[in-house]
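Q: coords please:
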Amino acid sequence: MKKTILTLSALLFGAALFAQSLTGYDIMKKADEVPEAKTASYTATMTLTDKKGQTRVREVIEKEMKFSGSTKTVIVFVTPKDVAGVGYLTVDYDEDANGNKKDSDNWLYMPAMKKVRRISGSDSGGDFMGTDFTYDDMGDRGLNEDTYQLLGEETVDGVACYKVECRAKDTTEKNPRRIVWIGKSNFMLYKAEFYDRQDLLQRVLTCSEIKMIDGFWTTGKMLMKNVQKDHSTVIEMKDVKYGITLDETLFTVSALEKGRVR
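A: Numbering: from 1, shown residues only. Purely as a prediction, here's the structure:
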């Protein structure tokens, strides 16, 4: 009969066995399953720094909503003037019963041309609005798109993490290999390295200011450094709100064109 009272040593021993039994896939699945709010809204500052140390600062607003079978996200640039009104809409589809995931649908609205451009799969590896993030980075990645290997455990800024190698099944991707550091206590992403098709380190992502807001784990700051171009982008989150009422029609191309997302 299973014991109902365990000694402290047994608890610790059991926890150690549990940790050792996790595979790379298990860890990434837990990271993918970290609870998210049905709706979210925030503003963010994007600071781009080139190799000469010159900076450009952009302000954006983002809104997100979960629908049946998908999650829709809209991002609109507020400042400076040269990018104000630029909007990006992405629809990420949930995995089906077999673990397969349909490619996301993405649209970019350029007010200067009064034109919406569909971001195709061939463009998804391109830089997002001159930042060091790609269009792929802006969406959710399906678990079955990669294979995983647990490389060990390391600390990132004092946080104990699992170190997992992710290899894309599609070797033609811009970054077919990634190494990620996932927090052992909360399964949040703390660091990632992105390797190019020649298996050379291309970009390094560092996540910080990770904390609970309204019951949901939230990353407050992301630094993406392109080590090959000596260029970086910092995204700092502000005014994060969860569980708010949002109009479903905001998540449409028409709403971007009409400037309804504020």
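Q: so what's the nearest residue to residue 177 once chain neighbours are set aside bridging to?
A: Nearest non-adjacent residue to residue 177, counting by C-beta to C-beta, 6 or more residues apart in numbering: residue 195, 4.3 Å away. For glycine as for every other residue, the C-beta is placed from the backbone atoms N, C-alpha and C. For residue 195, the beta-bridge partners are residue 177, residue 201 (DSSP bridges).
Q: Now do the buried residues in stretch 190-201.
A: Neighbour counts over stretch 190-201 (16 or more other C-beta atoms under 10 Å) mark 190-195 as buried.
Q: Mind putting the residues you listed into a markdown table with pLDDT?
A: As requested, the buried residues of stretch 190-201 are exported to a markdown table (pLDDT from 0 to 100):
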| residue | pLDDT |
| --- | --- |
| 190 | 98 |
| 191 | 98 |
| 192 | 98 |
| 193 | 98 |
| 194 | 98 |
| 195 | 98 |
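Q: Break down the protein into its strands, ranges please.
A: According to DSSP state E, the chain carries its strands in the segments 39-49, 55-67, 70-79, 87-93, 105-110, 115-118, 146-156, 159-168, 177-183, 189-195, 201-213, 216-226, 231-242.
Q: In JSON lines: the ones you listed, plus distance to residue 252.
A: Converted to JSON lines, the strands of the chain look like this (distance: least, C-beta to C-beta, whole Å):
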{"stretch": "strand 39-49", "distance to residue 252": "16"}
{"stretch": "strand 55-67", "distance to residue 252": "11"}
{"stretch": "strand 70-79", "distance to residue 252": "9"}
{"stretch": "strand 87-93", "distance to residue 252": "7"}
{"stretch": "strand 105-110", "distance to residue 252": "9"}
{"stretch": "strand 115-118", "distance to residue 252": "11"}
{"stretch": "strand 146-156", "distance to residue 252": "31"}
{"stretch": "strand 159-168", "distance to residue 252": "31"}
{"stretch": "strand 177-183", "distance to residue 252": "32"}
{"stretch": "strand 189-195", "distance to residue 252": "30"}
{"stretch": "strand 201-213", "distance to residue 252": "27"}
{"stretch": "strand 216-226", "distance to residue 252": "25"}
{"stretch": "strand 231-242", "distance to residue 252": "21"}
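Q: if we can go back for a sec, between the buried residues of stretch 190-201, which sits nearest residue 235?
A: Set against residue 235, the nearest of those by C-beta to C-beta is residue 192 (13.9 Å).
Q: Let me know whether the closest one touches residue 181 as I believe.
A: Yes. Counting by C-beta atoms under 8 Å, residue 192 touches residue 181, with 7.2 Å between them.
Q: Switch the buried residues of stretch 190-201 over to CSV; also include distance to residue 74.
A: Shown next, in CSV, are the buried residues of stretch 190-201 (distance: C-beta to C-beta, whole Å):
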residue, distance to residue 74
190, 27
191, 28
192, 24
193, 29
194, 25
195, 31
